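**Q** Fold the following.
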Amino acid sequence: MARVRPAWERLPVLTEIQDSLRASIRADAERIGPFLVRFDAHTDSVFTNYAVPERDAEPTAADVAALVAAFRARDRTPRLEYLRPCPAVDTALEAAGFTVDQLLPMMGVERADLVVPDVPEGVELLDATTDDQLAALTEAQHRAFGVEPIPRDAGVARQRTLLGEGGTLVLALVDGVAVGGGASTGPSNGLAQVAGIAVVPEHRGRGIASAVCGELTRRVFAAGVVPFLETEPDGKAGRLYGPIGYRTIGLSATISLK
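**A** Predicted coordinates:
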């Protein structure tokens, strides 16, 4: 008789991931029609101001107009993140003039396929828990992603929220200086997202990002949860995450109205 594998040994499916992404923002999101919307009071970055459609959403023209108005009132770019296929949402947004910014590979890994890379010589990985460590991680991530810096207190508070929700933050140091890191979200619907993998430009190409991702993925599995991640369509899927064991399972759409 075939063994039934526990959830944390298998790949996640897209519907489970989308439910998990919604759950991760629901507590501090605003509901506008069939959308959950996260607004960041500290920055107008598109990466932290976005909407996610509810499951089986069929937005009307009025729903989309209300969504756009809420973004404009806060001087934010109307933007959504969700997984395809989602034809009813695609149709409503296209009719309102939204265009696709990116289609990003969504990736998953099975426990049996996980390969955790060695930490490069001269690099230290540690849990970011103190205010100084959380601030250093925030600064390194913003530098790596080319995002405008935010006030120290705001960055620390955001990272502490993730920790308070059961997430993990890993900081990478070289000679005691923060050069990158990453995060995994707290468990949600049996899943956890590995995200924010970042290395400042002058320290790229040393295997630091792979080591951070591998360590975070290992920890997610150790907690009995299924990991997933979203990556850029720039070759990282095969170059960085593929050797760790991840493979593409679908696409994440980012769509905005300029």
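**Q** Let me see the ranges of the helices in the stretch 51-200 of the chain.
**A** Assigned by DSSP state H, counting those that start in this stretch, the helices in the stretch 51-200 of the chain fall at 61-73, 87-95, 131-145, 152-164.
**Q** Could you point out which of the ones you listed sits nearest residue 48?
**A** Closest to residue 48 of the helices of the stretch 51-200 of the chain is helix 152-164 (Cβ to Cβ; 8.4 Å). In this view, the C-beta of every residue, glycine as well, is placed from N, C-alpha and C.
**Q** which residues sit against the closest one?
**A** Applying Cβ atoms under 8 Å, 6 or more residues apart in numbering, the contact partners of helix 152-164 are 42, 128-129, 131, 134-135, 137-139, 169, 183, 185-186.
**Q** and what of stretch 231-250?
**A** 11-14, 17, 83-84, 102-110, 113-117, 197, 209-210, 213-214, 217, 228-229.
**Q** just stretch 103-116 next, same as before
**A** Contacts of stretch 103-116 (Cβ under 8 Å, 6+ apart): 8-12, 14, 17, 83-84, 214-215, 217-218, 221, 226-233, 237, 241, 243-254.
**Q** before we move on, what about stretch 122-130?
**A** Residues outside stretch 122-130 that contact it (Cβ under 8 Å, 6+ apart) are 119, 133-134, 136-137, 159, 163, 168-175, 179, 181, 206, 208, 211-212, 215.
**Q** Next, the buried residues of that stretch.
**A** 123, 125, 128 (16 or more other Cβ atoms under 10 Å).
**Q** count of residues packed around residue 6?
**A** By the measure other Cβ atoms under 10 Å, the count of residues near residue 6 is 11.
**Q** Next: residue 238.
**A** Neighbours of residue 238 (other Cβ under 10 Å): 13.
**Q** Can you classify it by secondary structure?
**A** What DSSP: H, G, I helix; E, B strand; the rest coil gives for residue 238 is helix.
**Q** where's it relative to residue 252, distance?
**A** 17 Å (Cβ to Cβ, to the nearest Å).
**Q** and what of residue 173?
**A** Distance from residue 173 to residue 252, by Cβ to Cβ: 31 Å.
**Q** ok, now residue 192?
**A** Counting by Cβ to Cβ, the separation of residue 192 from residue 252 is 16 Å.
**Q** which of these two has more neighbours?
**A** Counting neighbours by other Cβ under 10 Å for residue 192 and for residue 252 shows that residue 192 has the greater number, 30 against 20.
**Q** Does that one touch residue 185 like I think?
**A** Yes: with contact defined as Cβ atoms under 8 Å, residue 192 counts as touching residue 185 (5.2 Å).
**Q** intersection of neighbour lists for these two?
**A** Here residue 192 and residue 185 have residue 167 as joint contacts, going by Cβ under 8 Å, 6+ apart.
**Q** which residues sit against stretch 27-36?
**A** The contact list for stretch 27-36 (Cβ under 8 Å, 6+ apart) reads 22, 25-26, 37-39, 51-54, 57-60, 62-64, 66-67, 70, 80.
**Q** repeat that for 10 Å
**A** Stretch 27-36 is contacted by residues 21-23, 25-26, 37-40, 50-60, 62-71, 80, 82, 88-89, 92, 161, 165 when judged by Cβ atoms under 10 Å, 6 or more residues apart in numbering.
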